Structures are given as structure tokens and as C-alpha cells.
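Visitor: Show me the folded form of this:
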Amino acid sequence: MPFGEIGGFKFNISVAIFLMPFLYTIIDCISEVYGRARARGVVFLGLICIVLLMAFMALAIALPHAARFDDQNPSYEMIFGTSFRLALASVSAFFVSELTDVFVYSKIRAMTKGKIVWLRNNVSNIVGELVDSLVFMTIAFYSFDKGFVDNARWVLGLTIPYWIAKCIMSFVSTPLVYAGIKYLQNGKKTGRTKMKVEGIKTDRISVGGMKTEEFLDKYIERVAEETVIVFSSKIIGILEGRAVPIDSIDKDELIIRESDAHLDRSVSPYGNMFTINKNTLISAGGIDESNAGGHYILWPENPMKSAERIRDFLVKKFNVKKLGIIISDSTVMPLRRGTVGIMIGWSGFEATKNLIGTKDLFGREFKISTVAVGSNLAATGNTVMGEGAEQTPISVLTDIPFIDFLDRSHITDAEYKECFVEPKEDLFAPFLMSHKWKKK
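Guide: Numbering: from 1, shown residues only. Okay, here's the model as predicted:
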């Protein structure tokens, strides 16, 4: 279509300018609400769809056509038979430019602390659309018979009017970004309660390779309000240097040193050493040697302080107020096979909900019921974190029902004690008290 005339030079542009800013708008909305990783995943999915569509069209053209379509076949091949070079240019431009848009958008979002949506939307679109036009025009129309200077003039002459037109369309479509973000954020208003759980896969983190702040900077790309992030105790132990070479110490000696109380291995028919560590009944004091590269990995020295430091760092970086942090490990339950996540440290939310004095559906008053909110969230996060070689030590929980966030990181002594019961007062006291625990 004609785009105008300057000094006798006529500009023409593709009608694709009406589509491309809309695609960038969709990606920006996804990036804003669901984060950079999800937006990048959508781009990869789009790339796969395009490649599959092009492969199918190539196959369809290669197959023989029925004789009665002899007249229409040339038109069919002209419409669907895009040359390989143009196809490569299109796919490459889409992939590179969309990833550029996602990257720029997320970086500006972090710099502006989640504010000024129109700024990051338009800046990321301008950069992405420039990359899109340059990559497409270069691959599609670069002439190997001309020199670099002539090619640069030719490619830029094609690129600039397309890019200007796309930028104009981007500015015009800015209100769609606000509408799209609002639509996605309100998507949960369907009469149902939906809690979203997402795991974050990381590289293999080795002992001594990375500090906590560096780890958070690299792998936590976005934090929304009213989010709870669960970290495995093992990854925090590694980041805090809580690792001991296996050949440097006897494991039983290490377990006794790390635990508040323990029972001898002879108590267990399987030779386990039962321990109480930081008010938690756990095997071997929570010490783990799987996926540890020849080390015993210990719990953080103070899981509560570790959770508090993580929350303080993320609250400052992402300018959020309602953020919960959980440090979790896994254990087993009596008479149940398999592991379940437990909370050993937390920050930023009320970890229990006391139902005593409230009434059930039939008016019966609760006498002793307390909901272990934090432990339930730890178990939920553990389902996507895994126990094997998943490399997923982080889970992000959003849209959580019935959670009360705090406007501070520090958990008071009273709030801490609300989560724990003395052994002699525990429901399982007959079993806990049947042996004499050895304390430090």
C-alpha cells in the first residue's frame, strides 16, 4: 500500500504493519502479567507454529494437484509458495525481534519498578520493530552483487519507512496494552478459586559458585504483588556455603552437631537417625548429599533470617509490598509413602490461620483447629520442584486464597511459636516421648 511521497520519492509499505504492533502488544501484556519467562515461551511456541505451517505449505505444493485444478494451480503456488529466502527472513525476523521486545520490556520494567507501562511498551516495541525490519530486509533483499555501502543504502531505504509506520501503529495501539493487562489480571474473576503454581528451572548450582543475591538477580525475573516464592533449603544452603565435604567428617557426628536433639540409629529398624532440628522432626537433621557433588548440604544456619533477607532483597528490587518467602525441605509422614514438602523458614505472611472460636457450615464451633497455611504452601510448591534431577529449586505461587500478607519481613517470636507444638503436647506425643531424646 502507498505510504506517502517525499521529494518525488514514493514510499510503499506492507499491510503487515497493522498486524505486527498487535503481536507486540500481546507479548507485552503476557510479559507484564506472567513474566519474561512465560512471554519468551509464547514466542518459542509461535516460532514452532510458523515453521510447522511453512513445512505443511511446502509439502502441499510439492504434492501433485488434481487435473481439474490446472487453471488454479499457478495461483495456488504463487500465494502459498513463498521462496525459501523470504520464509527464512520472515521466521528469523519474528524470532529475533520478539525475543528482543521481551528482553527490553522486562529490563525497563525492572528499572521503572513496575510503573510507566506506556513507556516500556513503546520503547520495547520501537526497538523490537527496528530489529524485525532490519533482519527481514537484510536476509530477504541483500544483494551479493553489490558492495556493503550500496547494500546498506538499499536495505535502510526499505527498512526506515516500514519501521516508521510500525512505530506509529505502536503508539496508536498503546491503549490496547492497558486493556489487555487489565483483562489478564481480572481473568481469575470466574467464580472459581485458582491458585497458580510455576516452577523455575535453573542451571546446576555448585558449592561456592554463586551467592544468594547473584542467584536471585539471575533467576527471579519478575515478582507481582500477593506472591509467595518457595525456595528449597538445599539451594539456600549451597548459596550460603552450608556445605561440608563428605570425606572430611563422619556423617553421624555432623548430624548430632547440626541437630537440637537426636535418637540413636538403633531405634530405627532401617538404621535412620531421627532428629529434631529447628522445631522440626526430620531424618538426619535435614542433611542431604543427593545432587550435592560430594558434599553434605546443611540447612541454612537460620532459615528465618535467610527468608527475611531474601524477601528484603526482592521487595526492594521489584517494589512490591505483599510478598511471602518460604524455605522448604521434604520429609515423610507416618503411614504414608513418599515425600511431602515442609516449611522450615518463612517471611512476609501469617503462616497459620487460627479457626478456634469460629463455626463450621452447621454452626459447630471449632475447638482446636488451626490451618498450617505455610506448610500447605510449601507442600504445594514442592510438587513442581521435585526430588530428583529436575533442577527446579524455586516455585512461584500466585492467586493464593485465604492468605494474610504482612507489611514486614521480620516474624515475631509470638508468630514463630504459633507454628510449633512442644513434643509432650503434640498429638503424637505417645510416640515422640517413648524414647529419651539426646540433646546437645
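Visitor: quick one: pLDDT of Ala93?
Guide: Ala93 is assigned a predicted lDDT (pLDDT) of 87.
Visitor: pLDDT score assigned to the nearest residue to Tyr142 once chain neighbours are set aside?
Guide: By the measure of C-beta to C-beta, 6 or more residues apart in numbering, the closest residue to Tyr142 outside its immediate chain neighbours is Asn151, 5.6 Å from it. The way it works is simple: take the backbone N, C-alpha and C, and place the C-beta from them, glycine included. Looking at Asn151, its pLDDT reads 81.
Visitor: gap between Asn151 and Phe3?
Guide: Distance, Asn151 to Phe3, using C-beta to C-beta, to the nearest Å: 22 Å.
Visitor: With Val177 instead?
Guide: Shown here: Val177 relative to Phe3, a distance of 24 Å by C-beta to C-beta.
Visitor: For those two, work out which one has more neighbours and name it.
Guide: Val177 (22 against 15; other C-beta atoms under 10 Å).
Visitor: Now do the domain split for this protein, please.
Guide: Using automatic domain parsing, the domain parsing of the chain gives 2-185, 196-439.
Visitor: count of neighbours near the closest residue in space to Lys113 that isn't next to it in sequence?
Guide: Excluding the flanking residues, the one nearest Lys113 by C-beta to C-beta, 6+ apart is Asn319, at 3.6 Å. Here the count is done by other C-beta under 10 Å, and Asn319 has 14 residues near it.
Visitor: Spit out the contact partners of Asn319.
Guide: By C-beta atoms under 8 Å, 6 or more residues apart in numbering, the residues touching Asn319 are 113-115.
Visitor: With Ser283 instead?
Guide: The neighbours of Ser283, taking C-beta under 8 Å, 6+ apart as the test, are 272-275, 331-332.
Visitor: same deal with Ala224?
Guide: Taking C-beta under 8 Å, 6+ apart, one finds 33, 320, 398 in contact with Ala224.
Visitor: ok, back up a step: which stretch in the domains of the chain is the model least sure about?
Guide: Taking the mean pLDDT of the domains of the chain, domain 2-185 comes last: a mean of 83.
Visitor: those helices in the chain, which residues are they?
Guide: 20-34, 36-62, 73-80, 84-111, 117-141, 148-172, 174-185, 212-219, 233-239, 251-258, 303-318, 373-385, 413-417, 429-432 (DSSP state H).
Visitor: Ok, which of those helices comes nearest Phe402?
Guide: With C-beta to C-beta as the measure, helix 373-385 is the member of these nearest Phe402 (7.3 Å).
Visitor: List the buried residues in that closest one.
Guide: 373-382, 384-385 (16 or more other C-beta atoms under 10 Å).
Visitor: got it, and stretch 139-148?
Guide: Neighbour-count burial for stretch 139-148, with 16+ other C-beta under 10 Å as criterion, is recorded at 139-141.
Visitor: buried sites along stretch 411-422?
Guide: Of the residues in stretch 411-422, 411, 419 count as buried by neighbour count, 16+ other C-beta under 10 Å.
Visitor: Mind putting the helices of the chain into TSV with distance to Ala292?
Guide: Shown next, in TSV, are the helices of the chain (distance: least, C-beta to C-beta, whole Å):
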stretch	distance to Ala292
helix 20-34	33
helix 36-62	26
helix 73-80	55
helix 84-111	32
helix 117-141	40
helix 148-172	49
helix 174-185	40
helix 212-219	16
helix 233-239	8
helix 251-258	12
helix 303-318	18
helix 373-385	16
helix 413-417	29
helix 429-432	29
